[in-house]
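*Asks:* Have a look; sequence and predicted model below, questions after that.
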Amino acid sequence: MQNIYYQPEGYAFGDCMPFYKDGKFYLYHQRDTRNPGPFGEPFGWALAITEDFVHYEDKGEVLLRGKDIEQDQFIFAGSVFEGEGQYHAFYTGYNRDFAAEGKAAQVLMHATSDDLLHWTKSADKLKLPPQIGYDPNDWRDPYVTWDEDSKEYILILGAHKQNHKQIKTGCTVYFTSKDLEHWEFKGDFWAPNMFSMHEMPDLFRIGDWWYLLTTEYSENNKTIYRKSRSIFGPWQMPDDDAFDGRAYYAARSCGDSEHRYLFGWVASKDQDMDINNWIWGGTLVVHELVQEENGDLKVKMPDSVHNAFVEQPSKNHFGEKVIEIDSGINEIIVEECDEETFLFETVVSFKAGTHAFGVNLFEEKETGDAYRFNIEIKNRKVDFNCTPNLPWFRYMAQGSDRPLFLEAEREYLLQVVVDGTVVTLYLNNTALNVRAYAPKGKNISFYVKDGSAIIKNPRLYLLKK
């Protein structure tokens with residue numbers, strides 16, 4: 001059960017189409033019943049409204065799916081936009097039966113609203129079918145923005161060239177319009193020949209930089225980005241082009257006047273078992289975007305999420321503790337907690353030459369069995385797994401890692417949020433979301449491998465009543 005992250009009871013949370021208006025975030029999203037599995041039962045768009053990413057008002061399904069014989073049997077992802085005196089939803093109408101009938105399975109469709117709650121479909125008046133040369137069954141996830149320079153709307157979407165699906169011709173393509181009614185196809189917007197498919201593209205500006213997001217349909221399967229001084233590129237790849245690990249998928253961004261946030265879902269695992277693979281849909285987790293001086297993007301915990309917790313009296317009273325070992329591994333228990341939802345944070349640093357350090361969660365005191373965030377200094381990464389990994393393997397950990405660049409003798413704030421089976425690490429504006437389905441103990445411990453690490457002021461927080 002989720003207490004701070006959002007997952008409607010009885011459903012998996014799917015792709016999110018966030019929209020901001022008058023202090024509220026309108027989170028249009030898909031809800032999967034898992035009957036009998038992902039995409040088992042057709043769905044439309046449901047709506048949850050929040051002001052703080054902690055409390056949500058559930059409005060149920062507001063953009064209804066079509067009949068089984070209609071194009072929008074499923075309402076796949078799209079976007080919501082305000083323009084020309086109305087609210088507009090551009091969405092993907094998907095019919096899982098059409099491909100076998102020789103018809104395009106995916107077509108871009110449109111609806112309008114005056115209040116963001118009640119939607120009227122445009123039906124055949126506005127449809128954007130797959131263009132010649134592109135796969136009619138991979139044509140989805142439209143996103144609309146306004147280009148002030150050209151005074152026109154730009155609609156981008158994910159596509160795949162019309163060839164074998166394994167060939168890496170996934171691309172972002174685009175249309176332009178002056179009035180949101182008449183659209184002209186322009187062709188490829190970004191076609192790097194790196195992925196089989198681009199999903200959930202997003203396009204926005206912060207300061208002097210434009211950002212293009214996409215979720216790569218590949219062996220990595222995560223949301224990535226490129227940056228440019230121009231809305232049309234060229235698109236530069238940063239040193240770390242992702243926001244999270246494999247479990248965090250299909251993220252879209254949205255902002256108020258001061259902040260921009262990332263709305264993605266943390267995948268569940270098949271049969272809710274650590275050893276199994278990720279499956280589509282899960283739990284909404286929101287990151288706040290942080291822009292660095294060079295234009296790169298990082299993420300942090302939203303302040304409103306942190307403010308939902310209150311600090312607890314510590315069972316281990318120390319302000320600073322040095323953990324040191326010349327060879328091997330040394331560990332200390334820092335806290336214990338058996339709550340379903342909590343936040344743990346501490347300040348960490350390490351001495352030059354240290355090989356690795358990390359934090360164990362849900363550690364069983366007698367055996368040392370735990371889940372572990374392992375921070376490898378020399379390999380410049382953080383990963384997640386079970387320890388001891390016996391019998392091998394106990395956790396399907398592919399993609400549960402992130403590049404992480406830390407310097408010796410510097411202090412960093414390390415934060416871990418646990419909410420049900422979702423576990424989120426924040427460290428140096430880097431995030432890693434994972435799942436933990438079978439915790440055995442309640443200890444939180446720190447360790448160092450071949451070196452010396454210092455932890456200061458460990459703090460445990462529980463949700464405010």
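*Replies:* Yep, that arrived.

*Asks:* Give the next helix or strand downstream of the strand or helix carrying L284.
*Replies:* Per DSSP states H and E, L284 falls inside strand 278-291. Counting by DSSP H and E, the next helix or strand C-terminal to strand 278-291 is strand 297-300.

*Asks:* if we can go back for a sec, and the strand holding L284, what does it pack against?
*Replies:* Judged by 3 or more Cβ pairs under 8 Å, 6 or more residues apart in numbering; DSSP states H and E, the packing partners of strand 278-291 are strand 12-21, strand 24-32, strand 248-255, strand 260-269, strand 297-300, strand 422-427. No exception for glycine: its C-beta is placed from N, CA and C like everyone else's.

*Asks:* Recalculate using a threshold of 7 Å.
*Replies:* Under the contact criterion of 3 or more Cβ pairs under 7 Å, 6 or more residues apart in numbering; DSSP states H and E, strand 278-291 touches strand 12-21, strand 260-269, strand 297-300, strand 422-427.

*Asks:* In which helix or strand does the residue lying farthest from the centre of the chain reside?
*Replies:* No residue in the chain sits farther from the centre than D326, which is 38.7 Å out by Cα atoms, centre = their mean. In this structure, D326 sits in strand 320-336 according to DSSP H and E.

*Asks:* And the contacts of that strand?
*Replies:* Strand 320-336 is touched from outside by 315-316, 344, 442-450, 452-456, 458, 460, with contacts defined as Cβ atoms under 7 Å, 6 or more residues apart in numbering.

*Asks:* Report the contact partners of D296.
*Replies:* So D296 contacts P238 (Cβ under 7 Å, 6+ apart).

*Asks:* Setting aside sequence neighbours, what's the nearest residue to T92?
*Replies:* What sits nearest to T92 in space, not counting adjacent residues and going by Cβ to Cβ, 6 or more residues apart in numbering, is F76, at 3.6 Å.

*Asks:* secondary structure element for the one you found?
*Replies:* Taking DSSP H and E as the definition, F76 sits inside strand 74-83.

*Asks:* That strand - what's its average pLDDT?
*Replies:* Strand 74-83 shows a mean pLDDT of 98.

*Asks:* didn't D240 look like it was pressed against P403?
*Replies:* Yes: using Cβ atoms under 7 Å, D240 is in contact with P403, at 5.1 Å.

*Asks:* of the two, who's got more company?
*Replies:* Counted by other Cβ atoms under 10 Å, D240 and P403 do not tie: D240 has more neighbours, with 16 against 13.

*Asks:* how close does that one sit to E336?
*Replies:* 34 Å (Cβ to Cβ, to the nearest Å).

*Asks:* ok so, going back, CSV please, covering the helices and strands packed on strand 278-291 and showing mean neighbour count, mean pLDDT and distance to K127.
*Replies:* Output for those, formatted as CSV (neighbours: other Cβ atoms under 10 Å; pLDDT from 0 to 100; distance: least, Cβ to Cβ, whole Å):
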stretch, mean neighbour count, mean pLDDT, distance to K127
strand 12-21, 22, 99, 19
strand 260-269, 24, 99, 27
strand 297-300, 20, 99, 34
strand 422-427, 22, 99, 38
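
*Asks:* Same list (those) but as a markdown table, adding distance to T223.
*Replies:* Shown next, in a markdown table, are those (distance: least, Cβ to Cβ, whole Å):
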| stretch | distance to T223 |
| --- | --- |
| strand 12-21 | 11 |
| strand 260-269 | 6 |
| strand 297-300 | 11 |
| strand 422-427 | 15 |
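
*Asks:* ok, residues contacting the very next helix or strand once past the strand holding D326?
*Replies:* Next helix or strand after strand 320-336 toward the C-terminus (DSSP H and E): strand 341-350. The contact list for strand 341-350, computed with Cβ under 7 Å, 6+ apart, reads 3-4, 309, 335, 357, 377, 408-419, 444, 451-463.

*Asks:* give the contact list for the nearest residue to F43 once chain neighbours are set aside.
*Replies:* Among residues not flanking F43 along the chain, Q30 sits closest, at 5.2 Å (Cβ to Cβ, 6+ apart). Residues in contact with Q30 (Cβ under 7 Å, 6+ apart) are 14-15, 43, 45.

*Asks:* Turn those residues into TSV, including distance to F362.
*Replies:* As requested, the contacts of Q30 are exported to TSV (distance: Cβ to Cβ, whole Å):
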residue	distance to F362
G14	28
D15	30
F43	34
W45	36
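
*Asks:* Out of the residues you listed, which comes closest to I69?
*Replies:* Of all the contacts of Q30, I69 sits closest to F43, with 16.8 Å by Cβ to Cβ.
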